[in-house]
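Engineer: how would this look folded up:
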Amino acid sequence: MTDLSALIADVRGCRLCEQRFAATETAHAPQPVLRAQPSARLLIAGQAPGMKVHHSGKPFTDPSGDRLRDWLGLDAETFYDETRVAILPMGFCFPGYRKGSDLPPPAICARTWRASLMDRLSDVRLTLPIGGIAQRWHLGVTSNVTQTVANWRDFLPDALPLPHPSWRNTGWLKRNPWFADDLLPVLRARVREVLDA
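Structural biologist: Numbers count the residues shown, from 1 in each chain. Now for the predicted structure:
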């Protein structure tokens, strides 16, 4: 079996979607963004990098990352310690825009890489699937994000589903105060428990 570092190098060299991305409004080249080491105990499974992350080459280097780190109760140093925290979005490249909105990640990315990567992350104790695509893959749910996140207790202790931390979800957060009141304290405690073990 290929070790994780070699597999990540293969992912970073992936060009499966090169023509697809060249045909988007942003006409960009693939740039897979992911972080992981075999010792990681926390897995953040997002959707796909945005344009800012595409340019930085580092996940969650945008306001969504600031909000996510606040939700988790982690400073940037801990968040980016890939020996403890793996960050593997469902699509590793920025998928581009259509009419000003991010496109969904191409399904071929997860089909090609995800199972092999997950097989090599055997120390993960908590998975945080962010958004519907990640929740369907990791939790096997068919419900929408609000229903899945509202049922967060059903997935403990191994997973906690989250909405996307984007500013676009500020209205969702206001309409669902239970997320901050009930889920976030448990999330922070579980993250600390997993990382401190």
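Engineer: and the spatially most central residue of the chain, what is it in contact with?
Structural biologist: With distances taken as Cα atoms, centre = their mean, residue 46 lies nearest the centre of the chain, 1.9 Å away. For residue 46, the contact set (Cβ atoms under 8 Å, 6 or more residues apart in numbering) comprises 59, 60, 87, 89, 90, 130, 131, 134, 164. For glycine as for every other residue, the C-beta is placed from the backbone atoms N, C-alpha and C.
Engineer: by contact count, what packs against the longest helix along the chain?
Structural biologist: The longest helix of the chain (DSSP state H) is helix 184-196. Helices and strands touching helix 184-196, by 3 or more Cβ pairs under 8 Å, 6 or more residues apart in numbering; DSSP states H and E, are strand 42-45, helix 63-72, strand 126-129.
Engineer: Just the buried positions in stretch 139-159, please.
Structural biologist: 139, 141, 145, 148, 149, 150, 152, 155, 159 (16 or more other Cβ atoms under 10 Å).
Engineer: Let me see the backbone angles for the fifth one.
Structural biologist: When you say that, I think you mean residue 149. phi -70, psi -40 (degrees, to the nearest 10).
Engineer: OK, contacts around it?
Structural biologist: Going by Cβ under 8 Å, 6+ apart, residue 149 touches 161, 162, 163, 176, 179, 183.
Engineer: neighbours around the second one, how many?
Structural biologist: The criterion is other Cβ atoms under 10 Å. On that basis, residue 162 has 27 neighbouring residues.
Engineer: got the end-to-end distance for stretch 176-184?
Structural biologist: Start and end residues of stretch 176-184 are separated by 12 Å (Cα to Cα, to the nearest Å).
Engineer: Residues contacting that stretch, please?
Structural biologist: Applying Cβ under 8 Å, 6+ apart, the external contacts of stretch 176-184 come out as 71, 146, 149, 150, 152, 160, 163, 173.
Engineer: so how far is that stretch from its chain's centroid?
Structural biologist: On the basis of Cα atoms, centre = their mean, to the nearest Å, stretch 176-184 sits 20 Å off its chain's mean C-alpha point.
Engineer: now stretch 37-51
Structural biologist: Centroid separation between stretch 37-51 and its chain, computed with Cα atoms, centre = their mean, is 5 Å.
Engineer: Same question for it: list its buried residues.
Structural biologist: Buried positions in stretch 37-51, judged by neighbour count with 16+ other Cβ under 10 Å: 37, 40, 41, 42, 43, 44, 45, 46, 47, 48, 49, 50.
Engineer: which one of the contacts of residue 149 sits closest to residue 82?
Structural biologist: Checking the contacts of residue 149 against residue 82 with Cβ to Cβ, the nearest one is residue 162 at 19.7 Å.
Engineer: Excluding covalently adjacent residues, which one is nearest to that closest one?
Structural biologist: Nearest non-adjacent residue to residue 162, counting by Cβ to Cβ, 6 or more residues apart in numbering: residue 130, 4.9 Å away.
Engineer: Please consider this matter closed, and thank you.
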